[in-house]
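>>> Structure, please.
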Amino acid sequence: MARKKHLLKSDPIADLEAQINADFNSVINKTHRSLSTKTHSPVWTGFFASSWKVATTGIKPKDDARDFAPWKSIRKQETIDFFNRKPSTRPTNPTIRIRYPNKRTFNIKRPVFIGNRAKHAAYALESGKIQNFIQGRLGKIIRDTMKEKKTKGRIFLQARQSPSLTGRKSPSAGYTELNL
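Numbers count the residues shown, from 1 in each chain. Model (predicted):
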């Protein structure tokens, strides 16, 4: 009976699921942080790179940079390209700040959406940076994070001995340490 109680306390499936969920949340957080950079998101004013959000439902792009500080104060700068006679309007002071930090813990059993709240998200995707991130960096994040972890503790195997014929009431047990 004591052996049965010991088995009930140990739940390797729950332990494995907890580890998978922890790794899943780590992938989500690393992806969110990576997308919120100049390296992996197109940056004009910084509003798009700042507007990534993680949720359990789809994210609708409905935020306009002109409604949020400091992006509403970033002005397009007019300079003349003398060779083509066209004005260049690229802002010189883009600002990236994560507007929607992820504070939630997600479960692998439910879908998770990572999307952008900027109204101009569809246009920003034309640069190709997001596609390159998905095809390259995201796979590396998943491979590096979602892998089997080595145990940090020591594991002991117990070898039970049957009662001897000499009449001892409590059999002795031997232990062997496994180094993994």
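
>>> so what does the longest helix along the chain touch, helix or strand wise?
Assignment by DSSP state H gives helix 12-35 as the longest helix of the chain. When contacts are defined as 3 or more CB pairs under 8 Å, 6 or more residues apart in numbering; DSSP states H and E, helix 12-35 packs onto strand 52-55, strand 113-116, helix 138-145. From N, CA and C alone the C-beta is placed, and that goes for glycine too.

>>> Can you tell me which of these is packed in deepest?
strand 52-55 (a mean of 20; mean count of other CB atoms under 10 Å).

>>> what's next to that one, contact-wise?
Residues outside strand 52-55 that contact it (CB atoms under 8 Å, 6 or more residues apart in numbering) are 28, 32, 35-36, 41, 59, 98-100, 102, 104, 106, 112-117.

>>> tell me the mean pLDDT for it?
Mean pLDDT, strand 52-55: 97.

>>> That one: partners in the sheet, and parallel or antiparallel?
Using DSSP bridges, the strands paired with strand 52-55 are strand 113-116 (antiparallel).

>>> Buried residues of whichever helix or strand comes after the strand it pairs with, list them for me.
Remark: after strand 113-116, the chain's next helix or strand is helix 121-124, criterion DSSP states H and E. For helix 121-124, the neighbour count (16 or more other CB atoms under 10 Å) marks 121, 124 as buried.

>>> again with stretch 47-63
47-54, 59, 61, 63.

>>> residue ranges with poor pLDDT in the protein?
1-9, 75-89, 150-180 (pLDDT under 70).

>>> same thing but 90
Across the chain, residues meeting the criterion (pLDDT under 90) sit at 1-16, 44, 66, 69, 72-94, 121-127, 146-180.

>>> quick revisit: in PyMOL, how would I select the buried members of the contacts of strand 52-55?
In PyMOL, the members of the contacts of strand 52-55 classed as buried (16+ other CB under 10 Å) are selected with the following command:
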select buried, resi 28+32+35+36+41+59+98+99+100+102+106+112+115+116+117
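
>>> Let's see the distance spanning stretch 32-47 from one end to the other.
End-to-end distance for stretch 32-47: 15 Å, by CA to CA, to the nearest Å.

>>> which residues are in contact with stretch 18-29?
Contacts of stretch 18-29 (CB under 8 Å, 6+ apart): 54, 102, 105-108, 112, 114, 141-142, 145-147, 149.

>>> let's see it at 7 Å
54, 102, 105-108, 112, 141-142, 145-146, 149 (CB atoms under 7 Å, 6 or more residues apart in numbering).

>>> so who does residue 99 touch?
Going by CB under 7 Å, 6+ apart, residue 99 touches 50-51.

>>> Which secondary structure state is assigned to it?
Secondary structure, DSSP: H, G, I helix; E, B strand; the rest coil: residue 99 is coil.

>>> re the thing from before, can I get the contacts of stretch 18-29 in a markdown table with distance to residue 92?
Converted to a markdown table, those look like this (distance: CB to CB, whole Å):
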| residue | distance to residue 92 |
| --- | --- |
| 54 | 31 |
| 102 | 30 |
| 105 | 39 |
| 106 | 38 |
| 107 | 44 |
| 108 | 44 |
| 112 | 36 |
| 141 | 32 |
| 142 | 36 |
| 145 | 37 |
| 146 | 40 |
| 149 | 46 |
